[in-house]
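Q: Here is my input; please provide its structure:
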Amino acid sequence: MSGAEFVPFSLVPMLIGVLAAVACALPGNFLVLRRQALIGDAISHVVLPGIVVAFLVTGTVAAWPMLIGSAVAALIAVAMIEGISRFARVEPGAAMGVTFTAMFAGGVLLLEQSDTSGVHLDVEHALFGNLESLIWLDASGWGSLIDPAALAGLPGEFWRIALVALAMCVLLILFWRPLALSTFDEGFAGTVGLPVRAIGLGLVIAAAIAAVAAFDAVGSIIVIAMFLCPPAAARLMTNRLSVQVLWSVAFAIASAVIGFILAGYGPLWFGFQNAVSAAGMIGTVSGLILALAALFGPARR
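A: Modelled structure (predicted):
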């Protein structure tokens, strides 16, 4: 494939997939180490109704309305969990399961009953993303990468996920020591004056922001694989936190690049005519990387 075809139609979707995977993998490392991995699952379910309501109110899928809607949905979820567990005397884990399932189902129903014909937002988009459509129409080849006029035509989703990925990197650098201490020894972190609960809440908020930013690319289902698989695979490669984070970034990039290529060109190599879901293939590759790490990772024991 020539640059005139690859750059407009494949480069930007692939980069968006890479940035989404990295943005989710960075906080995912600490969720996995804290044994809170299913929070990534919970976040992906909770944010959907918030995103849909934000769209219904504003008529757009802009970043700030989506973030505000997701934050409100998260607060409602917390209130529902507390209310169910307290008044119905249900175990908190069961209350969480009921809340997340109910809110996710409500988001899907809202999508089905609303008119989303003017934008790329429907049930399939919400579940599996819309990565293939995030193309760069103003590009004409590799020279467009240094053309200011062409760069101005990059999809807004690219700048959004790039900003979030950069923010995750900066936050990780700034709060590395508090995160590490509170993750491995919460009691000691509290005795030295660290706000353990605030750190945990901040981690969940960062994960929620990453999930919302990745929504356009991979939807609310495949984002779970981005949160869990690269960090879990990285944990099986080393016992050092800093090295684990680097491994997780490498696995995230590999899953996004290999998954996107296999989704677009893999079926053609085997004689089929239609491509498959890029987000689905990225999730599949992430799972395969985790399986290989489980079998051959040096720190798996």
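Q: Strands of the stretch 101-250 of the chain, start to end?
A: For the stretch 101-250 of the chain, none of the segments meets the definition of strands by DSSP state E, counting those that start in this stretch.
Q: Going along the chain, name the helices of it.
A: 123-128, 148-151, 156-174, 176-184, 186-191, 196-213, 215-218, 223-235, 241-269 (DSSP state H, counting those that start in this stretch).
Q: can you dump the C-alpha coordinates of the second one into PDB?
A: Spelled out, it's helix 148-151. Coordinates of the C-alpha atoms in helix 148-151 are reproduced here as PDB (Å, rounded to 0.1, in the frame of the first residue of the first chain):
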ATOM      1  CA  PRO A 148       0.200  22.600   8.700                       C
ATOM      2  CA  ALA A 149      -3.000  22.900   6.500                       C
ATOM      3  CA  ALA A 150      -3.300  19.100   6.400                       C
ATOM      4  CA  LEU A 151      -2.600  18.700  10.100                       C
END
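Q: For it, list every residue counted as buried.
A: Neighbour-count burial for helix 148-151 flags residue 150 (criterion: 16 or more other Cβ atoms under 10 Å). (Each C-beta comes from the backbone N, C-alpha and C, glycine too.)
Q: pLDDT weak spots in this protein?
A: 1-3, 38, 40-41, 60-63, 92-93, 115-128, 216, 220 (pLDDT under 70).
Q: May I see the buried residues of stretch 91-102?
A: Per 16+ other Cβ under 10 Å, stretch 91-102 contains these buried residues: 95-100.
Q: next one: stretch 178-192 to chain centre, how far?
A: Here the centre of mass of C-alpha atoms in stretch 178-192, compared against the chain's by Cα atoms, centre = their mean, to the nearest Å, lies 26 Å away.
Q: First-to-last residue distance for it?
A: 10 Å (Cα to Cα, to the nearest Å).
Q: returning to what we had before: quickly compare the helices of the stretch 101-250 of the chain and say which is most buried.
A: Relative to the other members of the helices of the stretch 101-250 of the chain, helix 215-218 carries the highest mean neighbour count by mean count of other Cβ atoms under 10 Å, namely a mean of 29.
Q: Tell me the helices and strands packed up against that helix.
A: On a contact count with 3 or more Cβ pairs under 8 Å, 6 or more residues apart in numbering; DSSP states H and E, helix 215-218 meets helix 12-33, helix 156-174, helix 278-296.
Q: residues in contact with the last one?
A: Helix 278-296 is contacted by residues 13, 17, 21, 128-129, 131-132, 217-219, 222, 224-226, 229-230, 232-234, 236-237, 251-252, 254-256, 258-260, 262-264, 266, 300 when judged by Cβ atoms under 8 Å, 6 or more residues apart in numbering.
Q: Distance from the strand or helix carrying residue 64 to the middle of the chain?
A: Take DSSP states H and E as the rule and residue 64 turns out to sit in helix 63-87. Mean C-alpha position of helix 63-87 versus that of the full chain (Cα atoms, centre = their mean) differs by 18 Å.
Q: Skip the chain neighbours and tell me the closest residue to residue 192.
A: Using Cβ to Cβ, 6 or more residues apart in numbering and skipping the chain neighbours, the partner closest in space to residue 192 is residue 181 (7.5 Å).
Q: ok, how many other residues are close to residue 29?
A: Residue 29 has 24 neighbours, counted by other Cβ atoms under 10 Å.
Q: so how far is residue 248 from the nearest residue to it once chain neighbours are set aside?
A: Sequence neighbours aside, residue 231 is the residue nearest to residue 29 in space, at 4.3 Å (criterion: Cβ to Cβ, 6+ apart). As judged by Cβ to Cβ, to the nearest Å, residue 231 and residue 248 stand 5 Å apart.
Q: Which residues are in contact with each of these two?
A: Taking Cβ under 8 Å, 6+ apart as the contact rule, residue 231 and residue 248 both touch 25, 28-29.
Q: will you turn these into TSV that also has distance to residue 166?
A: Conversion of the shared contacts of residue 231 and residue 248 to TSV gives the following (distance: Cβ to Cβ, whole Å):
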residue	distance to residue 166
25	14
28	17
29	17
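Q: And the helix holding residue 64, what does it pack against?
A: Counting contacts by 3+ Cβ pairs under 8 Å, 6+ apart, helix 63-87 packs against helix 38-58, helix 92-113, helix 196-213.
Q: Could you rerun that using 10 Å?
A: Judged by 3 or more Cβ pairs under 10 Å, 6 or more residues apart in numbering; DSSP states H and E, helix 63-87 is in contact with helix 38-58, helix 92-113, helix 156-174, helix 196-213, helix 215-218.
Q: Now do that helix against helix 92-113, angle only.
A: If you take axes from the mean of the first three to the mean of the last three Cα atoms, to 10 degrees, helix 63-87 sits at 140 degrees to helix 92-113.
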